[in-house]
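Engineer: Sequence first, then the predicted structure:
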Amino acid sequence: MNFIGADSPFAEADVVLFGAPYDSTTSFRPGTRFGPAAMRSESFGIETYSMYLDKDLADASVHDAGDLELPFGAPDRAIAMIEEQADQILSAGKIPFLLGGEHLVTLGAVRAALKKHPDLCLVHFDAHADLREDYLGVELSHACVMRRCHDLVGDGRIWQFGIRSGTREERDFMRSGHVTTELFASTTLPDAIKAIGPNKPVYLTVDLDVLDPAEFPGTGTQEAGGLSYRRLVDDLVLCLKNLNVVALDNVELSPGLDPTGRSTALACKLLREELLSLKTKGETANV
């Protein structure tokens, strides 16, 4: 089963969805491995047409490549497999859109994007800083994923928004200028977009727990005080319309933790708006 409207053949697609159903390093409540499959099945509860954007997925060129079969308990191998898949998509001149899974899966796709785009920048929406050097002695953890990305790209190339949880050491790392972080909100996003510019390649990573748990309870590490859905969708459309996003992901939906289904429904609608906002071949930025 593919995500609704994502039925273009690979050769004709501009964007390729693929799932990484992996949650072996989850630090609290597991279940994100079921996120990609839930988004596909529940997507048929929404329309392909977006009233917000006045666009239709029926007119888009999106291919759903399905889920990777990842080995649990082997994060190195799982990350390598994600990197290989993203590399193949990028090499074909298409945009990989990764569906998690826990946030560690981002690392594989970032590695692939960085090989093709050495000047890659990252824009990161999350409740958690994910800048720990290690979590309980483990460096490959969803709690450390942005620190591992920083190891790859270095200072001044990561912008974070909505962060409202972390350790004192992570806050010190932010204050030292290694990354640019706005706590609790995303009001400085337009400034970040101007600083990055319309041409520099960008990886956009969205941990869905950036949303307030009142709207999105289906995630393993809820943090009160998050963004609203409307604020997040506005922010992501702004990014996707004005930045050169070459790869992206949505991660940390844990559908089993929300028996009402509203978290999965929200994730599906957000994904639709992102797919319809992505600049593809021949399009230019709005700035």
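Structural biologist: Sure thing, it's come through. Keep in mind the model is a prediction, meaning the values are calculated, not measured.
Engineer: If you tally nearby residues, what's the number for F44?
Structural biologist: Here the number of neighbours of F44 (other C-beta atoms under 10 Å) works out to 13. The C-beta positions use only the backbone N, C-alpha and C, and glycine is treated the same way.
Engineer: what's the closest non-adjacent residue to it?
Structural biologist: Excluding the flanking residues, the one nearest F44 by C-beta to C-beta, 6 or more residues apart in numbering is I4, at 5.4 Å.
Engineer: ok, now L90?
Structural biologist: Nearest residue to L90, sequence neighbours excluded (C-beta to C-beta, 6+ apart): K116, at 5.0 Å.
Engineer: ok, that neighbour - contacts?
Structural biologist: D87, L90, S91, V246 (C-beta atoms under 8 Å, 6 or more residues apart in numbering).
Engineer: distance of D7 from L17?
Structural biologist: 11 Å (C-beta to C-beta, to the nearest Å).
Engineer: swap that for A80, please
Structural biologist: 20 Å.
Engineer: Compare those two and say which is more crowded by neighbours.
Structural biologist: Neighbour totals were compared for A80 and L17, and L17 leads with 26 against 13 (other C-beta under 10 Å).
Engineer: tell me which element the more buried one is part of?
Structural biologist: Using DSSP states H and E, L17 sits within strand 15-20.
Engineer: chain center to the next helix or strand after that strand, what's the gap?
Structural biologist: Where DSSP H and E defines the elements, the next helix or strand beyond strand 15-20 is helix 35-42. A distance of 15 Å separates the centroid of the chain from that of helix 35-42, by C-alpha atoms, centre = their mean, to the nearest Å.
Engineer: Check which helices and strands helix 35-42 sits against.
Structural biologist: Secondary-structure packing of helix 35-42 (3 or more C-beta pairs under 8 Å, 6 or more residues apart in numbering; DSSP states H and E): strand 15-20, strand 62-67, strand 95-100, helix 262-277.
Engineer: contacting residues for C144?
Structural biologist: L104, D130, L131, R132, E133, D134, Y135, V138.
Engineer: helix/strand/coil for the fifth one?
Structural biologist: Spelled out, that is E133. coil (DSSP: H, G, I helix; E, B strand; the rest coil).
Engineer: tell me the contacts of it?
Structural biologist: Each residue near E133 by C-beta under 8 Å, 6+ apart is listed here: E139, C144, R147, E169.
Engineer: of the residues you listed, closest to F34?
Structural biologist: Among the contacts of E133, C144 lies closest to F34 (C-beta to C-beta), at 22.9 Å.
Engineer: separation between V202 and N2?
Structural biologist: Taking C-beta to C-beta, one finds V202 at 26 Å from N2.
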